[in-house]
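>>> here is the input, now give the coordinates:
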Amino acid sequence: MSIYGSTTAVVTGGFSPDLSANIVTTTPASDTNLTTADFDQQGTVVQCDTAIGIASWNTSGYNNWVFNATGLGNISKTGISKFGIRENSYDRPNTTPTWGSAAASQRTGYYADQSGTSNDPKLVVTYTLPAAPWVPSGRIVFESVGS
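Purely as a prediction, here's the structure:
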């Protein structure tokens, strides 16, 4: 899964500013409209083995996550796949960070509602074609059995 980054901002105040982000599933109320209630509809199970830290967040290109077996299993082959990005160090595991006065860490990206399509999120599918089945050489020999 790939999200085109746009900005990052870090204000340190006693905690590690290099927080990471990972992909989780979501269960929004609608497939086409976000609501304020959707804020609490992000899952906690990571869909990718590697999170992306804010220091590695690309602000002028795609940030790429590779799905693990869980993430691959959550891709709908016939409908809408619902994924979101969640802070991986404290928010996802529901762990209270060490208090830091005026501390903040932020990353932003472009999503499907952004005007234009050059920076839209994308799901890149990598696959290998199966080996071709055996095909005869094209020569067929008929033998006549005595009359």
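
>>> by mean pLDDT, flag the weakest helix or strand of the protein.
Lowest mean confidence among the helices and strands of the chain (mean pLDDT, DSSP states H and E): strand 104-109, at a mean of 84.

>>> helices or strands up against that strand?
Counting contacts by 3 or more CB pairs under 8 Å, 6 or more residues apart in numbering; DSSP states H and E, strand 104-109 is packed against strand 2-11. Glycine gets a C-beta too; all of them are placed from N, C-alpha and C.

>>> show me the contact partners of the helix or strand following the strand it packs on.
Counting by DSSP states H and E, the element after strand 2-11 in chain order, helix or strand, is strand 20-25. Applying CB atoms under 8 Å, 6 or more residues apart in numbering, the external contacts of strand 20-25 come out as 1, 42-48, 50-54, 57, 65, 67, 71, 74, 82-89, 92, 107.

>>> try 6 Å this time
For strand 20-25, the external contacting residues (CB atoms under 6 Å, 6 or more residues apart in numbering) are 1, 42-43, 46-48, 51-53, 65, 74, 83-89.

>>> pull the CA atoms of it into CSV?
What follows is strand 20-25 as a C-alpha-only set of coordinates in CSV (Å, rounded to 0.1, in the frame of the first residue of the first chain):
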residue,chain,number,x,y,z
SER,A,20,6.1,5.3,13.4
ALA,A,21,2.9,4.6,11.4
ASN,A,22,1.5,1.4,10.2
ILE,A,23,-1.5,0.1,8.3
VAL,A,24,-4.6,-1.2,10.1
THR,A,25,-8.1,-2.2,9.0
